[in-house]
Every structure is written in C-alpha cells, then in structure tokens.
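**Student:** sequence first, predicted model second:
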Amino acid sequence: AGTGLLLRTTEARELRGTVALSALPDSATGSVTMRLDGVRSGSLAISEGDLRADLLGGWQARVSGRLSAPSGVEARLLADVRRRADTTIIRFDSLRTRTASNAWRLERPGTVTMSADGFGLDTVVLAGARGGRVAASGRTTTGDTIAVNLRADAVPLADVGELLQARDPMTGTATLRADLRGTRVRPDLFFSGMLDGATIAGMPLDRVEADGRYADRRLTTSLALSRGGVPALHADASLPLDLAFEPEGSRFLEEPLSARIRTDSAGLALVESFLPAVTGARGGLRMDVDANGTWRHPRFTGSITVTDGALAFRPMGAVQLQGVVADIGLLGDSIAVRRVAARSGPARATAELTGAISLRDPEDPAFALRLDAQGFNAIDDPRLADLDLTGSLRLAGRRSAAVLTGGFTVDRGVIRLPELIQKRVISLDDANLFRVVDTTALANRRLLTAGDSLFMNNLAVRNVQIRMGPDVWLRSDEANINLGGSVAVTRTRVANGPSAGRWQLALEGPLQTVRGTYRLSLGPVQRTFAVQDGDVRFYGDPDLNATLNINALYTVRQVSQQGARPDVRVRVHIGGTRLSPTAELSSPDSGRVTQADLVSYLATGGPSTAISGPSTDYGSAAYQFALSTVGTYLGGKASGGICDDVQISTASLDALGGQLRSVGGQALQGTRFNCAKQVTDRIFVRLDAGLCSVGRLVDPGGSAASQANITDAFGVKLDYRLSPDLTVSGGIEPPTSAVYCRDDASARGFAPTPKQFGLDLVRLWRF
C-alpha cells in the first residue's frame, strides 16, 4: 500500500528505510527495519514502491515497523519472516495499535503461511484494553477453495471510525459472526451481526440485528431495528448479487428480487434514525411495503401513513411542525402522494404536499407535485429570517427536465441583516470623516443548498415570484425597514466554494422600502433616521448578496427663545451590499453644508462653530448631546410594544444662563414623540405629538410660547392598502406655531402655516 519504499543495505545484510502509505484518506508515515540471515545466494532488486527478491535456498528476517497517521492512530509491529523453497511463513510476535480511546494488542502470536498450495491464517486475536475482541482464521487451496472465520465481539465503533478516518464520530459497539466457504468464483457466506447503541454518519441506531446467507449468487437476509427495547422495523430481502472475488460484469444481476418492510409500533421517531436533520419526532408511523421486479425495473406496493405527528427539521430553524399526517400509496411503478400535511405557527397555518411520482425509469423518474401553504411558518432562523408564507409551488416533468412554477406571498416576515462583526468609524480629525463603512464577514446563506446536479442543471424556473406582504421587515441592530414589492426565483451558477460551477436557486429583482428607521452609530452618538425611499435589489447571487440603495432622514429640530429657526435635515444614504453596507451623510437642503457641520448637528444640535468658536457654551452643547442620545435610546427601547416603531426627537437649546429650569422647559418644548403601528394587514397609522404643553408647565414664563390648544400639537397619518400596488394615505399636519411652540414663529427660509390636511394616492409600477 506504499507509494514509496526506500531501503538501503549494509554489510551486515540489514535493510532500513521509510514507507509512505497512501491507502488512508490522510497521509500516514512509518518506518521499517529488516535484518536478513541465512542468505546463500541470489539477488535483491529495489525500486520505488516495489521490493523484489530472488534468493535461493532460503532466508530468515526479523522485521519491526511503526506506523502513525495524522488522526492520532499509532501501530507497532514485530514479526519473523521465513522463506523455505516456495513457502513463506510470517509469525506476528507483537502488534500494538493505539486509538484515542483504546489500545489494541495481539493476545498471542499468530502465523500466516503463503505457498503455491494456497494461503493459511492461524487464529489471530486482537483485544482492546477498554473492550472489544476480534479473531480471524482461514485457509485457501490451489483449487481456490476458501474457509475463513471472523469473530468480532463488542468492538467500539469509535475505534472503527478513527481507523477509517470517518468524517462524523461513531458511537456504540458492533458484534459480527461470519463464516465464508466455497470458492473464489462461488463463495458461500453465513453471517449474523448486531449494532448496539450505535450512531453512524449521524444516524442514531439504538439496536440493529441482522443475519443471512449468500449462496448461488443470491443474498437472503433479515433485519430488525429496535428503539428503547421495542421492535420498530423488520425487513426481509432476497437479492440477486454477484459477490465473487473476481466478478464478471455487474454485481447487480438483472434477475427477480423481493423485499418486505413492516413497522406498526415504531412511531415517527424511527425517521430520526435515517434522517439526521429531523429531531424531536413523535406520532404514529405505519409502513407496509413490498418490493419486486428487478434492479432496473423495481415495483413497490403498499402504503406509508403518519398520524398526529410532530417534528423539527433543522434547515427550517426553530420551526416546530405539528399535526403531521401522511398518506402515501405505492402502486407498483408509481408513488401516489395523496396527502402530506403539517401545521406551523397559528392553528390555520398549514402546508400540504400532493401529487405523484413515476418510477418506470428509476434513473430518470417523472413527477407532478404541488405544495400549498397558508400562513405557514416556513423558516425561523435567528441568523437569517422568520417567514410566514401563503401560496403554492408546482414541480412537473422528469429528473432530467423539470419545470417549477407558482409563487408565494410573505404574509409576515423578518429578514435579518447579519450582525456586524467589524465596524470602522473614521476619526473626527480625518478629512474623509463621515463616510462610515461597515464591513462584515459572513457564511454563505443560500436559498437552497446544491443538491442533485442533473436535476438542478435541467430545472426550468418559470415566473416564480415571492411577493412581500404589508408586514415584512428588514431588521438588524441598526435597521428596521418595511419592505414591499416582489422578487423572482431564478437559477444561477455558484461562483466559488465546494459547489463552484453547480446550478443553484437564487433571487432576482428589487424590493422597495416602504417605511422604517435606521439608527446610525458614530461611537457614542446614536441617531435614528426615518427611511424615505430606496430599494434592496437582488441580482441572482446564490449567497443572497443584495445591493442596498436606501435614503433615510433625521431632522434636527431648532427651538429658540429669540425666535424660530428652520430645522436642519441630515440624510444618510445606505449603500453597498448586504455583505458590505456603507453609510454616507449629506443634506437635502443645501449642498454647501460641510460634513463637519452635519456631524456637529447630529451630536449637539448646532453647527461646528457652536462647539469650536470663541463664545462656545459647552454646557449647552453637552446637555444637547445628552438629550439627543437619551431620546434615541428611549425610542429604541419603547419600540415593539404598543408601537411597532417609536422615535423621540429633541431640539437644540439656547445658552444655559445658569437656569436648569429653563433648560428643562426648552427641552420639552422642542421634543416630539412619534409612534407607528401596523393595525391590520392593510392599515398603517403614525401619530406625531409635540410636548410644548408639558414644556410650558415646566417653564411657564421662559418664552413667548404658543397658547394653542394641546390638540393642535398632534399630527396623524393613515395608510390604507387597496391592493399590493395601490395605497391611499391621509394625514393631518399640526400648525407651525404648535411645532415650534410659538405664536409668532417666523424665520428666514420658511413661512408659518396653519393646520394642514393631505390626501395621497400612491401607485407602484414594475418594469
């Protein structure tokens, strides 16, 4: 099993060298030392990977070897090799193998004899220090007659998995009895075995017992699976196979086969033994399946039923499927999926699969399947999304030419932006200040993992749309944005990774931002921006790396004892991609506002000169910074209760003048409370209230405050969705005097207005 065997001889006729073994998944290395005695005459030829000897008379060698693998397995061997005429005898004096949890050794020396008359193996017994025993013996003759016995008792599967370097850890024990007779062309095998408490390839197998015989090119076997000491499944089979040591043609013989599977007491928990992605399964399961025909043209008859089941499916996240029922009929060369249904979420949130599958050509089966969902909670992954879907999908055609049609509406959903692993905020001294770049390192999050290549390569996706309902939000620690519109499901090739070059399902098209907020964090400064417009656009990337183009606005309210000043609006543009978003500040009112002033307004409510000029009132700036930060914090904490979204905005302050009472009055006079609520799937309401009246109570004589009725300080806007593409909005805007808390509110750049009423009709077109 070696790719290289490099040996050198010495005058004492000793050979030393190193062996590199490539038979294991990972490279293993070892060393061998051989001392030759009793050589009379002959020659020795050594080449890479090959040792050839032509020694006359006979010889004797003492061989010691060592093997170590990256997995941690170590083996040491000590043996005597003797050659007499045409017979070679190998006596294993010592063999020790160490795994992570066990140590194996020869119980007594064993002998292997090789000659022109055949091969013989005296009983070789390996015993584990922590359990397990393997014994093997056998003989072959010149007539290719075989007689081999193998016994394995309570062998830890963890040791087997380590020796095989299995990807998934194995647990439990295995017991095996096997007797092989006959010839190399027509072997005759009796066997029986048991797995106890085993886990193999992620499949839990409490107890499996099997026995059978292979003779005359047919394997007859029976298998029983138990769970918790209760018989769960029983299977019998008679299969035409060619298990000859040197078969002629295919090992699967095109002759009649038969098999039978029965279970009526295992329960749905049996599914966990064969589908590791399924957990917490319970309920009733009954299988009564017969298989006949041939390997190329099998026929299955019987039925599979599930009643009152429940389970969780790992790819769906935290979703718990309840009320699982199934009625599947096996009709020879077809499968009738009469009904497979489950609930997830509210009582009426259901999904149902129906259709048929034809097995006339097992390598290219045909199918016609339909999946219907009604408010079904299809995924609840805290890292990705939480979605309730309504709609249907239809899959028709063959494995080599399938067509997917239909679509879903997301009734309620939260699409989660990944947490930012690293965020870079440029220093205030940097000339490029205020272009804030957020970077993320994320695992691939694909719509579906790459599966059957033939199926995906030939799948046609025709007008499959995923439409956003009124209650779908894009959320992260910073964003809470309502999405609308629809995207198309399409196919694309994976560009990198282990599935590179394979076809994969992906999303394509834009989702519009309807409303929402974005909290911009600049170190200790956190401000909540109201989303104005934008979109999240998918370009068929299997990793769902959509581009972002969202504009949000923050209004820095200005209230002064000397007179009203126009508010300062700061816009943040959220761009980049989902994997690498960016945020850039600007002003929609004037392109001449410097970036330094924009950040100063966000932090203190005033321009940069207010904190760097000769007459700077640092106390007022500090209070304004604290008020704005507290308002943003309280708004974030209040969201998600009675109000889906809460914003508390404060206004800038005049100089303190040593009057803390005056500060409190100004702060409340300029503060506004905004509450948004999704009332129904069609109605959205936003209430805006000023706290001028409360400010007058705190500081009744501090200003020429407005004497208007307290109801004048309230504004309201109502959106009613007539259809997915048509919305009507109506609203009331408070008068300028109520907004700025002054009856004489006036300033350069705007004119005071009375209470206003508005009505809008919004229509969405897609191109």
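**Tutor:** That came in fine, so what should we check first? Residues are numbered from 1 along each chain as shown.
**Student:** from now on I want contacts and neighbour counts done on CA atoms only, so please keep to that.
**Tutor:** Noted.
**Student:** just the buried positions in the longest strand seen in the chain, please.
**Tutor:** Ranked by residue count under DSSP state E, the longest strand found in the chain is strand 503-522. For strand 503-522, a neighbour-count test (16 or more other Cα atoms under 10 Å) marks 503-520, 522 as buried.
**Student:** helices or strands next to that strand in the packing?
**Tutor:** Packing partners of strand 503-522 (3 or more Cα pairs under 8 Å, 6 or more residues apart in numbering; DSSP states H and E): helix 453-457, strand 479-493, strand 525-539, strand 547-558.
**Student:** I figured Arg296 hits Asp364, correct?
**Tutor:** No: judged on Cα atoms under 8 Å, Arg296 makes no contact with Asp364 at a distance of 11.4 Å.
**Student:** okay, now the unreliable bits of the stretch 301-450 of the chain?
**Tutor:** For the stretch 301-450 of the chain, residues meeting the criterion pLDDT under 70 lie at 418-450.
**Student:** do a quick rundown of the strands in it.
**Tutor:** 320-332, 334-343, 350-358, 366-381, 385-398, 401-416, 422-424, 435-439 (DSSP state E, counting those that start in this stretch).
**Student:** adding distance to Val536 and mean neighbour count, write those strands out as JSON lines.
**Tutor:** Below are these laid out as JSON lines (distance: least, Cα to Cα, whole Å; neighbours: other Cα atoms under 10 Å):
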{"stretch": "strand 320-332", "distance to Val536": "30", "mean neighbour count": "20"}
{"stretch": "strand 334-343", "distance to Val536": "31", "mean neighbour count": "19"}
{"stretch": "strand 350-358", "distance to Val536": "29", "mean neighbour count": "20"}
{"stretch": "strand 366-381", "distance to Val536": "20", "mean neighbour count": "21"}
{"stretch": "strand 385-398", "distance to Val536": "15", "mean neighbour count": "20"}
{"stretch": "strand 401-416", "distance to Val536": "12", "mean neighbour count": "20"}
{"stretch": "strand 422-424", "distance to Val536": "21", "mean neighbour count": "11"}
{"stretch": "strand 435-439", "distance to Val536": "17", "mean neighbour count": "18"}
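**Student:** mind checking which of those is nearest Ala85?
**Tutor:** Minimum separation from Ala85 across those (Cα to Cα) falls at strand 320-332, 62.3 Å.
**Student:** partners of that closest one, with directions?
**Tutor:** Sheet pairing of strand 320-332 (DSSP bridges) gives strand 298-313 (antiparallel), strand 334-343 (antiparallel).
**Student:** just the angle between the shortest one and strand 350-358, please?
**Tutor:** Computed by axes from the mean of the first three to the mean of the last three Cα atoms, to 10 degrees, the angle separating strand 334-343 from strand 350-358 equals 170 degrees.
**Student:** next, the distance between the ends of stretch 310-329.
**Tutor:** Using Cα to Cα, to the nearest Å, the end-to-end distance of stretch 310-329 comes to 21 Å.
**Student:** what's next to it, contact-wise?
**Tutor:** 277-283, 301-309, 335-345, 377-382 (Cα atoms under 8 Å, 6 or more residues apart in numbering).
**Student:** secondary structure class for Ala603?
**Tutor:** Three-state call for Ala603 (DSSP: H, G, I helix; E, B strand; the rest coil): helix.
**Student:** that one contacts Tyr554, doesn't it?
**Tutor:** No: under the criterion of Cα under 8 Å, Ala603 makes no contact with Tyr554, lying 11.9 Å away.
**Student:** more neighbours, the two?
**Tutor:** Set Ala603 next to Tyr554 and count neighbours by other Cα atoms under 10 Å: Ala603 wins out with 25 against 22.
**Student:** against Asp80, how distant is the more buried one?
**Tutor:** 86 Å.
**Student:** please apply the same query to Ala135.
**Tutor:** Distance, Ala135 to Asp80, using Cα to Cα: 21 Å.
**Student:** next: Leu579.
**Tutor:** Leu579 sits 64 Å away from Asp80, going by Cα to Cα.
**Student:** out of those two, which sits in the more crowded spot?
**Tutor:** More crowded of Leu579 and Asp80, by other Cα under 10 Å: Leu579, with 21 against 17.
**Student:** partner residues bridging Leu150?
**Tutor:** In this entry, Leu150 is beta-bridged to Ala136, Ala178, by DSSP bridges.
**Student:** per-residue pLDDT, it?
**Tutor:** Reported pLDDT at Leu150 in the predicted model: 94.
**Student:** Arg592 now?
**Tutor:** As predicted, Arg592 sits at a pLDDT of 71.
**Student:** tally of neighbours for it?
**Tutor:** Residues lying near Arg592 (other Cα under 10 Å) number 8.
**Student:** so Met468 bridges to which residues?
**Tutor:** Beta-bridge pairing of Met468 under DSSP bridges involves Val410.
**Student:** ok, it touching Asp411?
**Tutor:** Yes: using Cα under 8 Å, Met468 makes contact with Asp411 at a distance of 7.1 Å.
**Student:** where do the helices sit along this protein?
**Tutor:** Secondary structure of the chain (DSSP state H): helices at 157-164, 453-457, 595-604, 609-612, 618-638, 660-669, 692-698, 736-740.
**Student:** mean pLDDT lowest for which of those?
**Tutor:** Among these, helix 660-669 carries the lowest mean pLDDT, a mean of 52.
**Student:** any stretches of the stretch 51-200 of the chain with poor pLDDT?
**Tutor:** Those would be 51-58, 69-72, 143, if you go by pLDDT under 70 across the stretch 51-200 of the chain.
**Student:** of the strands paired with strand 320-332, which approaches Ile683 most closely?
**Tutor:** Nearest to Ile683, of all these, is strand 334-343, at 27.5 Å by Cα to Cα.
**Student:** one step back: what is the mean pLDDT for the longest strand of the chain?
**Tutor:** Averaged over strand 503-522, pLDDT sits at 85.
**Student:** give me the sheet partners of that strand and which way each runs.
**Tutor:** Strand pairing for strand 503-522, determined by DSSP bridges: strand 479-493 (antiparallel), strand 525-539 (antiparallel).
**Student:** can you say which of the ones you listed is nearest to Val572?
**Tutor:** strand 525-539 (7.7 Å).
**Student:** need the strands paired with strand 320-332 in a markdown table with distance to His573, can you?
**Tutor:** A markdown table is the format used below for these (distance: least, Cα to Cα, whole Å):
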| stretch | distance to His573 |
| --- | --- |
| strand 298-313 | 39 |
| strand 334-343 | 41 |
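**Student:** Ala100 is nearest to which of those strands?
**Tutor:** Closest to Ala100 of the strands paired with strand 320-332, according to Cα to Cα: strand 298-313, at 32.8 Å.
**Student:** bridging residues for Gly690?
**Tutor:** Beta-bridge partners of Gly690, as defined by DSSP bridges: Arg672.
**Student:** just give the nearest non-adjacent residue to Ser192, would you?
**Tutor:** Spatially, and ignoring its direct neighbours in sequence, Ser192 is nearest to Asp211 (4.0 Å; Cα to Cα, 6 or more residues apart in numbering).
**Student:** so what pairs up with the one you found in the strands?
**Tutor:** Counting by DSSP bridges, Asp211 is bridged to Ser192, Ser222.
**Student:** tell me the contacts of it?
**Tutor:** 190-193, 221-223.
**Student:** also Asp153?
**Tutor:** Counting by Cα under 8 Å, 6+ apart, Asp153 has contacts 132-134, 174-176.
**Student:** what's the burial count for the closest residue to it other than its chain neighbours?
**Tutor:** Leaving out its chain neighbours, the residue that sits closest to Asp153 by Cα to Cα, 6+ apart is Thr175, at 4.6 Å. Thr175: 19 surrounding residues under other Cα under 10 Å.
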